[in-house]
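Chemist: Sequence unavailable; structure follows:
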């Protein structure tokens, strides 16, 4: 199968040096393998994503010397696809409506003697001790209460049986040029949210759906998303989708040791370009061959 990877930014601000690092790593890997690099715009957060930031993504990446096949997939154009994936998971019986607010979950966690603590998505919610009765659920729906669709690890484990503890993904270590099988532990995230009443899909669902749709064979992304891979592999298994090879790279940090962020406008690619920095200098600055 042809090597295919992707760079998938969210247009919530201008790209910075950390984005350049991730995009160029994916670009260089695809070139080395004689494969393809796709660009995907992950703009499901319609309140924070803006057209001017999307336009900036195209301009910044082109300035860096990257190119990509068109048309570019914009996730906000495909909410119906994600709704169909949600419906499939519902039909499998692995989703449930959760009416708890973040505050209520935090209060429950604070009072629990053995709460799992914080995860990458916030407080880890392990699900209710007992499922909500159908009468109560219907009453809350009739009242118009907000809810989230959560993926139940308990129901998923019941469905998959002996396959559940055997789930693994392959992770590539570029430093040693080796691959290893990593056991999947979705428990570190608890019952994650896959959709809300007013938001058709979450990052976890969209990225899994689109990686399969676009035939992504290798996912190259930051270390901060490593833990999300455990949820993604479970979703791939439930939805009958292939699992790519994963590579999680270190995050760039500034002199203060903090990772680069969109709020640091002095290090956006646009600001660096306006200051006369060249793409070759960008590559050298972040430690890539020129």
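Modeler: Yep, that arrived. Predicted model only: the values in this text are computed from it and were never measured. Numbers count the residues shown, from 1 in each chain.

Chemist: distance between stretch 234-248 and the chain's centre?
Modeler: Offset of stretch 234-248 from its chain centre (Cα atoms, centre = their mean, to the nearest Å): 12 Å.

Chemist: and if you look at stretch 205-216?
Modeler: 10 Å.

Chemist: ok, residues contacting that stretch?
Modeler: Contact with stretch 205-216 is made by 1-2, 4-6, 8, 38, 40, 42, 44, 73, 75, 81-82, 85-86, 194-195, 219, 232, 235-236, 239, 241-242, 244, as judged by Cβ atoms under 8 Å, 6 or more residues apart in numbering. All C-beta spots, glycine's among them, are computed from the backbone N, C-alpha and C.

Chemist: just for the stretch 101-250 of the chain, where's the confidence low?
Modeler: 109-122 (pLDDT under 70).

Chemist: what comes up buried for the helix or strand containing residue 209?
Modeler: Assigned by DSSP states H and E, residue 209 belongs to helix 203-213. Neighbour-count burial for helix 203-213 flags 203-212 (criterion: 16 or more other Cβ atoms under 10 Å).

Chemist: And for stretch 133-147?
Modeler: So for stretch 133-147, counting by 16+ other Cβ under 10 Å, buried means 137, 147.

Chemist: Give me the average confidence score over the strand or helix carrying residue 39.
Modeler: In the assignment (DSSP H and E), residue 39 maps to strand 36-41. Mean pLDDT, strand 36-41: 98.

Chemist: Quick one: list the elements packing against the helix or strand that comes right after it.
Modeler: As assigned by DSSP H and E, the chain's next helix or strand after strand 36-41 is helix 51-64. On a contact count with 3 or more Cβ pairs under 8 Å, 6 or more residues apart in numbering; DSSP states H and E, helix 51-64 meets helix 17-33, strand 36-41, helix 269-274, helix 279-285.

Chemist: for stretch 214-226, which positions count as buried?
Modeler: Neighbour-count burial for stretch 214-226 [16+ other Cβ under 10 Å]: 214, 216-222.

Chemist: should've said stretch 177-185
Modeler: 182, 184.

Chemist: With residue 11 as the reference, measure out to residue 53.
Modeler: 4 Å (Cβ to Cβ, to the nearest Å).

Chemist: Tell me which of the two has more neighbours.
Modeler: When residue 53 and residue 11 are compared on other Cβ atoms under 10 Å, the one with more neighbours turns out to be residue 11, at 23 against 19.

Chemist: dump the residue contacts of that one.
Modeler: Neighbouring residues of residue 11 by Cβ under 8 Å, 6+ apart: 41, 43, 49-51, 53-54, 56-57.

Chemist: SS state for it?
Modeler: Secondary structure for residue 11, judged by DSSP: H, G, I helix; E, B strand; the rest coil, is coil.

Chemist: For it, give me phi and psi.
Modeler: Here is the backbone geometry of residue 11 (degrees, to the nearest 10): phi -80, psi 60.

Chemist: swap in the one 3 residues further on?
Modeler: The main-chain torsion angles of residue 14 are listed as degrees, to the nearest 10 and equal phi -80, psi 150.

Chemist: what number of residues lie near it?
Modeler: 19.

Chemist: Skipping adjacent residues, who's closest to it in space?
Modeler: residue 268 (4.1 Å; Cβ to Cβ, 6 or more residues apart in numbering).

Chemist: so what's that neighbour bridging to?
Modeler: residue 16 (DSSP bridges).

Chemist: Residue 6 now?
Modeler: residue 38.

Chemist: what's in contact with stretch 81-98?
Modeler: So stretch 81-98 is contacted by 75, 125, 127-128, 131-132, 137, 141, 147-152, 155-156, 159, 191, 193-195, 200-201, 205-206, 209, 213, 238-239 (Cβ under 8 Å, 6+ apart).

Chemist: Correction: the previous question concerned stretch 137-152.
Modeler: 86, 89-90, 94-99, 125, 127, 191-198, 231, 234-235.

Chemist: Just the buried subset of the residues you listed, please.
Modeler: By the neighbour-count criterion of 16+ other Cβ under 10 Å, these include these buried positions: 86, 89, 94-99, 125, 127, 191-195, 231, 234-235.

Chemist: can you tell me which of these are in helices?
Modeler: 86, 89, 231, 234-235 (DSSP state H).

Chemist: of the residues you listed, closest to residue 280?
Modeler: residue 231 (38.3 Å; Cβ to Cβ).

Chemist: tell me the contacts of that closest one?
Modeler: 151, 186, 189, 192, 204.

Chemist: and if you look at residue 36?
Modeler: By Cβ under 8 Å, 6+ apart, the neighbours of residue 36 are 2-5, 30, 69.
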